[in-house]
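Asks: I need the structure of the sequence given here:
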Amino acid sequence: MVGQEENREWSLEISSVTIRDDAVYQCQVGASGTASPIRSGPAQLKVMVPPGVPRIMQGEVMETVDGVETVLECSSSGGRPAGEIVWKDEEGKEILTNTMTRTKKLADMKTFETISVLRLKPGIEDDRKKIFCSVSSDISPSPTSTMTVLRLKYKPRIKLDYKSEALNEGDSFTATCKVDAYPEQVEYSWYVNGKLMELEKKDKLTILKVSKKHGNGRVECQARNSVGMATAEATIKLKYGPTMLTHPSSAKVREGMTAHFSCLADGNPAPRYFWTKGDSNEAISFSPNLSLVASVQTVGNYKCQAMVEGFPAVVSTSAKMSLVTKPAIMSDKDQFGKLGERIRLECRASSAGNNNSISWDKNGIPITMENTKYEIRVIDKEYEHVSELFVEHADEHDFSSYGCKATNEVGSDYLVINLEEEKTVESFDILYIVIGIFAIVIIVLLLILCIVLCKRRNRSNMKLIEVANDQSKRREKMKDYEADKCAEDEDDEWCLGIKEGRMSGPDPDLIMPFKKGNQIPRNILSEHEDEEDDVPKYMLTPLEDESQMFNKSQKSFMIQRFEKQPISYNTSCSSINMSPFSSSLDSANSGMESPSNSVAKQAAIEFEKPFRIKNIHIAGRNQAYAKPTDNAKANMKYTLEDDSDDQYVTLLPSEHPIV
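Replies: Reported below is the predicted structural model:
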């Protein structure tokens, strides 16, 4: 309190006034003696306080998420009067929208607190933006402010950095994953063609040597933080030859309409295309698409070829363009099935159309799929269509006429199919069939046997004919010899015998008579014959021509039999040449030479066979010449030591005529 006693004035002086000093003050003079105290009128001291420093409740950094509503709250307290809060951006512009301000008295009931709320939806462009909260009042000389920084939380934003030019096999490939994210703690993952590269955990991937398996390979970088995940992809471009991805398809077109063909190939660099027709290599188009107007001239097969420089061309499969024609049914008119069983009828149609259909009817009444008695199946191929009609549990009424109609956009064809019952084969029928087969086999075998026998008989006849021809030649040679011999010496006894008829006869196999000699060789005499007996002269003939047999003497004659057995040379025996061309005996009378002997000697060189001599005794029959029976051998009484394949000669008299 400040004052002077002399003046009796006292003043109340308050230094460093605070809000607590805000009150009602009175001046009172105290009592003295009997005087009572006196008090002045009240004096109100009203203390004005500037607003307190504003404070943003979310702090100096406000973390938020892109696109999510964010609330900022700013307060200023202790002001009297209450302060006014204003929101501003970093450019100083006042934010007027989405704000709400309120004031309230504090506990001292003298000062006020001002609170302001700002609502906003920051975008990625608002990241790191500064927001200011300013407060002022009438008594504050200048506003006071505070600030917060917006930090947007967002998932990683990736940019993949790599060389985009095409690589050759053996080159290296490097990709770097550049990431912008908040929070900045990021995890990396790499994928190549969908396969996780487990050892790659950094922001860079390197493939030391690329190969064909990496061609058009997809490289993926994956980055993840607390907000989310993002990926970026790259393609490894590798130079490689063309590969046909899409082949052209065949087309069935009506004449005058346009047919379209297309193909697609993959390659790096991009393939070039051209089309050819048939076996020709002449290009008719240089585009992956080909359009043709259907006609007789344009019908045929077309191929698409794709080329990449430095690599061989690739050729597509052939695509056929054909003209649409009406269908043609090729099934049998008569088809069979068994009673009581499931019967299948087939309607097979060839058609070059696009809209093909096959329908059935029975005796003119259409058969539909709703009829459980029948089942219809359809098999469609490019140019052939088959419809199968199945008849369940066929009875007698099902063996009837069925109609099959094939239709396309050009026309139709109709065929009536007769379903006939297939008869089962009875057991007796099977037996009859087996017997018939055996009978046929036996007849065939008999025919073969007859043919074989006929051929053998023909061969035997040919041999007989050859023998007859040989005998005829020998007779001719004998006649020539007789003529030549008698022409030289007509007085010869032998020639006179021929002229008188004593040495002629029908026997073609008679050999020349022996010349005169004092005695007959011993080798043709019987062991019982006396050397000095008067023995007629003889000649020998093979037994193969036994048309005549003669015997003059009552004595036993000897016939020599020759076997195909080797004998030792014996000077006491005459050698006998049994070649097929010989009919004479080479004995002591061998001084006589004839053409037949020369032929026989020549043939003997080629057909010489050694023989062993055995004796056969034949009993004489009568003085006259006798004709033999049909079997000349039956008129001879002889004994053989064995039954081997022998050759025989016959002794014939030569002094009497031969009839």
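
Asks: What residues of the longest strand along the chain count as buried?
Replies: Secondary structure of the chain per DSSP state E: the longest strand is strand 144-162. Going by neighbour count (16 or more other C-beta atoms under 10 Å), the buried part of strand 144-162 is 144-146, 148, 150-156, 158, 160, 162. Heads up, the C-betas are built off the backbone N, CA and C, glycines and all.

Asks: mind giving me CSV with the residues you listed and columns for pLDDT?
Replies: What follows is those, written out as CSV (pLDDT from 0 to 100):
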residue, pLDDT
T144, 93
S145, 93
T146, 95
T148, 95
L150, 92
R151, 91
L152, 89
K153, 89
Y154, 87
K155, 89
P156, 91
I158, 91
L160, 91
Y162, 89
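
Asks: Now render the residues you listed as a markdown table, adding distance to G52.
Replies: Output for the buried residues of strand 144-162, formatted as a markdown table (distance: C-beta to C-beta, whole Å):
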| residue | distance to G52 |
| --- | --- |
| T144 | 8 |
| S145 | 13 |
| T146 | 11 |
| T148 | 17 |
| L150 | 24 |
| R151 | 27 |
| L152 | 30 |
| K153 | 32 |
| Y154 | 36 |
| K155 | 40 |
| P156 | 42 |
| I158 | 47 |
| L160 | 52 |
| Y162 | 57 |
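
Asks: okay, among those, which ones form the most distant pair?
Replies: T144 and Y162 (53.3 Å; C-beta to C-beta).

Asks: Could you report the pLDDT at the closest residue to E9 other than its chain neighbours?
Replies: Counting by C-beta to C-beta, 6 or more residues apart in numbering, G3 is the residue found nearest to E9 once chain neighbours are left out, at 5.1 Å. Listed pLDDT for G3 reads 73.

Asks: and if you look at A43?
Replies: So, for A43, pLDDT stands at 88.

Asks: which residues of the stretch 101-250 of the chain fall in strands?
Replies: 112-120, 130-136, 144-162, 173-182, 187-192, 195-196, 204-207, 217-224, 229-236, 240-246 (DSSP state E, counting those that start in this stretch).

Asks: List the buried residues of the second one.
Replies: I take that to be strand 130-136. Across strand 130-136, burial judged by 16+ other C-beta under 10 Å covers I131, F132, C133, S134, V135, S136.

Asks: Quick one: the helices in this protein, in order.
Replies: 427-488, 493-499, 595-607 (DSSP state H).

Asks: Next, the contact list for K121, please.
Replies: If a contact means C-beta atoms under 8 Å, 6 or more residues apart in numbering, then K121 has G67, V68, E69, T70 as its contacts.

Asks: Counting neighbours, which of those residues end up buried?
Replies: Taking 16+ other C-beta under 10 Å as the criterion, what is buried in those is T70.

Asks: Run the chain-centre distance for stretch 444-457.
Replies: 52 Å (C-alpha atoms, centre = their mean, to the nearest Å).

Asks: Using PDB, write down the CA coordinates of that stretch.
Replies: The C-alpha atoms that make up stretch 444-457 are tabulated as PDB, following Å, rounded to 0.1, in the frame of the first residue of the first chain:
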ATOM      1  CA  VAL A 444     -10.300-130.600-103.000                       C
ATOM      2  CA  LEU A 445      -7.700-133.200-101.700                       C
ATOM      3  CA  LEU A 446      -9.100-135.800-104.200                       C
ATOM      4  CA  LEU A 447      -8.900-133.400-107.000                       C
ATOM      5  CA  ILE A 448      -5.300-132.600-106.100                       C
ATOM      6  CA  LEU A 449      -4.500-136.300-106.000                       C
ATOM      7  CA  CYS A 450      -6.100-136.900-109.400                       C
ATOM      8  CA  ILE A 451      -4.100-134.000-110.900                       C
ATOM      9  CA  VAL A 452      -0.900-135.400-109.400                       C
ATOM     10  CA  LEU A 453      -1.600-138.900-110.800                       C
ATOM     11  CA  CYS A 454      -2.500-137.500-114.200                       C
ATOM     12  CA  LYS A 455       0.800-135.700-114.300                       C
ATOM     13  CA  ARG A 456       2.700-138.800-113.300                       C
ATOM     14  CA  ARG A 457       0.900-140.800-116.000                       C
END
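
Asks: Many thanks, have a good one.
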